[in-house]
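S.K.: coords below, sequence missing:
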């Protein structure tokens, strides 16, 4: 057991800290799509290798060799300094790794660089009204007509569709094939005629979700990733990465620290909540769970460095446990504040800009999104424990 | 950076697990539990040959000189096999106490005996987790008075005893004025008992104090949590195996989501506790300043997770889980013991809160 990163990495950490000390103040408070200040900051991060770190330089990345520890150090130091770590989103987090793995050379050159800089914004067209947990049941169709695909159907839960320039979209191209083998992965512009985007307000009252309708949308035949009928395989290249990214244990710890501070400041009848043993016990219960997930993450990290370590089950439980835990952490803060915990928006008594209510609801969304907790349990029981599948389920 | 077990550590677990599977299967555990024998000498001797008794005893005193993390790994295997042997007091708490607070002469006298496996030292520190039934030990002029309950590794040749100030003493089983009484508990794989002192001569560990006492307790807590980790894993494995054999409604019950999700929840709750246990074992040696907080959280959380797995795995077995036929209850009770001894979750969370600057509560 050796929890030290070693001198090379500590030197790298110092370099990141020096950059943050010198330039952290130039970062916009939050990353905003198409905002010039955000784009300038993103370019600067790529130049220094703090964004798109291991993406090859010929595709617009920083071109450093893949090093999970350095990636982690960058993440830790930006979080510690509270500095905006640059753009995320489905284009950068999902499409870019997919294209690197299975895209053609032409696709890599055309799409990756502008995506990384934030000039080309993407949305993900996966879920449909009739295809949620059972995503492979999707029915949006694409039929080849000459040198174009003609797309018809509907997508739902499409984050950022109203701002996106492009969509990466799962469509059914082989209606007679078994359901997992009839899907293809298409890329097309969101301003193509026949696309209608309708906002779908979520429970936080955000307007980031959308429904997207396709009526005879014509897509050049070459804008397919992988071959016909290979879309399911293409999508699965990165779906598992999405799941893990929803549950950051260091963020959970930061929220617990914030609750401990609120408990010391918040008073009920003049008495600090921190002196109430019931609330202290609730905080400590969540603290214990958060610690288990922190060390679990350390184990998963170590297993990706040391190949003889088996961490399959440790990895499979991350999404389920991490999202449920965050939801409960945010909920504890609301309870600590009593009636005041309801405050939202313009309420003058609102704590921390209403982030506790916001994340409490948002994490319920994440418990559902990216494979519901129930689907996670199916995966854990089948892949982790080797239990039999439900008979008759396809 | 490496946060995983070394090949030596895996080998240690495998060899002990293999020995217990061969020589201490459930029938042997049952015989120990039902016959009332004081010690399972055959099992203890075999484990001593593998270095278990003197695991933490330095090589210069005849032991193998391994780390607290290694002790946790061994405890995990003992819990997995519900092994009926002295360990938490004899092989962990007592050596830790002697190494932290014993004189040279005391180490030379006691450590080689422990490492031999033939001589057992129990531990009486229960009152440091809150005195029950008016128990408590007072020391004066080299003699002990009072009473201590829930003594661990009770069937011993001597005991390590904490007095009210946290000073630690060694008391021989044949000391004059000492009364001993075994206390029956649900877990019959590990004997506990009560000691009553009437001016009993005792040997003080000269450097001992409340801080040492707490470190001894924390080592014991980590090891009990590790024992529960192994016992819980064994219950999940048995539940999954049973669900893969038992048919109802013309199907394996393990193909019903209702059953599969119970198993997935157990695994999802337990798996992160493995890394947590490793970290706590590591922290006890490498990060003593933070180890107390980490260990309190570990044992509290393992207590909650273990309790729910013990219940759920029993339920997956249906009526058979409730019977003595399968013997599943040995694991259920083992997990219960690990939860109750050396600090229950509520108590440990208060200690953890204090360790991180919260809850200035009287205890």
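M.R.: The structure has been received and is ready for your questions. Remember, it's a predicted structure, so these values are computed and weren't measured experimentally. Numbering: from 1, shown residues only, chains lettered A, B, ... in the order given.

S.K.: the helices in the stretch 51-200 of chain A, which residues?
M.R.: Counting by DSSP state H, counting those that start in this stretch, the stretch 51-200 of chain A has these helices, from start to end: A:68-81, A:89-90, A:96-102, A:105-107, A:113-117.

S.K.: mind checking which helix or strand of chain A has the lowest mean pLDDT?
M.R.: helix A:231-245 (a mean of 76; mean pLDDT, DSSP states H and E).

S.K.: what's the spacing between residue B:234 and chain A?
M.R.: Distance of residue B:234 to chain A, computed by C-beta to the nearest C-beta, to the nearest Å: 14 Å. Bear in mind the C-beta positions are built from the backbone N, C-alpha and C, glycine included.

S.K.: just to revisit the earlier point, and the helices of the stretch 51-200 of chain A: which comes nearest residue A:305?
M.R.: When those are compared by C-beta to C-beta, helix A:68-81 sits nearest residue A:305, at 6.5 Å.

S.K.: Just the buried residues of the closest one, please?
M.R.: A:69-70, A:72-74, A:77-78, A:81 (16 or more other C-beta atoms under 10 Å in any protein chain shown).

S.K.: so who does residue B:78 touch?
M.R.: B:16, B:20, B:85, B:87, B:227, B:230 (C-beta atoms under 8 Å, 6 or more residues apart in numbering or on different chains).

S.K.: confidence score at it?
M.R.: Residue-level confidence at residue B:78 comes out at 98, pLDDT.

S.K.: in the stretch 51-200 of chain A, which ranges drop under the pLDDT threshold?
M.R.: Counting by pLDDT under 70, the stretch 51-200 of chain A shows no low-confidence range.

S.K.: Contact residues of it facing chain B?
M.R.: When proximity is defined as C-beta under 8 Å from any C-beta of the partner chain, the stretch 51-200 of chain A approaches chain B at residue A:69.

S.K.: where along the stretch 251-363 of chain B do the helices fall?
M.R.: B:257-286, B:288-316, B:319-322, B:329-340, B:345-355.

S.K.: Nearest to residue A:34, out of these?
M.R.: helix B:257-286 (39.5 Å).

S.K.: How about the closest one, which residues are buried there?
M.R.: B:259-284, B:286.

S.K.: Run through these and flag the ones next to chain A.
M.R.: Answer for those near chain A (C-beta under 8 Å from any C-beta): B:260-261, B:263-265, B:267-269, B:271-276, B:278-279, B:282, B:286.

S.K.: Check the offset of the lengthiest helix in chain A from the chain's centre.
M.R.: If you go by DSSP state H, chain A has its longest helix at helix A:277-305. Its chain's average C-alpha position is 20 Å from that of helix A:277-305, according to C-alpha atoms, centre = their mean, to the nearest Å.

S.K.: Ok, stretch A:117-132 next?
M.R.: 12 Å.

S.K.: Check stretch A:354-365 too.
M.R.: With C-alpha atoms, centre = their mean, you get 15 Å for stretch A:354-365.

S.K.: what's that stretch in contact with?
M.R.: A:202-204, A:255, A:323, A:326-327, A:330-331, A:333-334, A:337, A:341-345, A:347.

S.K.: again, but for stretch B:249-261
M.R.: A:374, A:377-378, A:381-382, A:387-391, B:240, B:243-247, B:263, B:316.

S.K.: Drop anything exposed from these.
M.R.: Applying 16+ other C-beta under 10 Å to the contacts of stretch B:249-261 flags A:377-378, A:381-382, A:387-388, B:240, B:243-244, B:246, B:263, B:316 as buried.

S.K.: Select from those residues every entry located in helices.
M.R.: A:377-378, B:240, B:243, B:263, B:316.

S.K.: farthest-separated two in the residues you listed?
M.R.: A:378 and B:316 (16.5 Å).

S.K.: What residue, apart from its backbone neighbours, is nearest the most centrally placed residue in chain B spatially?
M.R.: Compute the mean C-alpha point of chain B, and by C-alpha atoms, centre = their mean the closest residue is residue B:224, 3.3 Å away. Distance criterion C-beta to C-beta, 6 or more residues apart in numbering or on different chains; nearest residue to residue B:224, sequence neighbours excluded, is residue B:338 at 4.5 Å.

S.K.: Would you confirm that the one you found contacts residue B:232?
M.R.: No. Contact criterion C-beta atoms under 8 Å: residue B:338 and residue B:232 do not qualify, at 9.2 Å.

S.K.: Overlap in contacts, those two.
M.R.: The contact lists of residue B:338 and residue B:232 share B:79, B:306, where a contact means C-beta under 8 Å, 6+ apart.

S.K.: so which strand or helix has residue B:131?
M.R.: Under the criterion DSSP states H and E, no helix or strand holds residue B:131.

S.K.: For it, list the residues it contacts.
M.R.: Applying C-beta under 8 Å, 6+ apart, no residues contact residue B:131.

S.K.: Can you give me the distance of it to residue A:10?
M.R.: According to C-beta to C-beta, to the nearest Å, residue B:131 stands 47 Å off from residue A:10.

S.K.: Likewise for residue B:354?
M.R.: From residue B:354 to residue A:10 the distance is 33 Å (C-beta to C-beta).

S.K.: higher neighbour count, those two?
M.R.: residue B:354 (17 against 12; other C-beta atoms under 10 Å in any protein chain shown).

S.K.: do you know how far the more buried one is from residue B:225?
M.R.: Residue B:354 is 19 Å from residue B:225, by C-beta to C-beta.

S.K.: Which parts of the stretch 151-300 of chain A are strands?
M.R.: Along the stretch 151-300 of chain A, counting by DSSP state E, counting those that start in this stretch, strands occupy A:166-172, A:183-189, A:195-200, A:209-220, A:224-225, A:267-268, A:271-272.

S.K.: Please work out which of those is packed deepest.
M.R.: Mean neighbour counts were compared across these using mean count of other C-beta atoms under 10 Å in any protein chain shown; the top stretch is strand A:166-172, at a mean of 25.

S.K.: Now for the residue of the stretch 51-200 of chain B found nearest chain A, how many residues are close by?
M.R.: Closest residue of the stretch 51-200 of chain B to chain A, C-beta to the nearest C-beta: residue B:69 (6.4 Å). Using other C-beta under 10 Å, the number of residues around residue B:69 comes to 23.

S.K.: With residue A:269 instead?
M.R.: 4.

S.K.: now the strands for the stretch 101-250 of chain B?
M.R.: Taking DSSP E, counting those that start in this stretch as the criterion, the stretch 101-250 of chain B carries its strands at B:121-124, B:136-140, B:143-151, B:158-162, B:168-172, B:178-183, B:192-201, B:203-204, B:247-248.

S.K.: Which of these sits closest to residue B:38?
M.R.: strand B:178-183 (8.7 Å).
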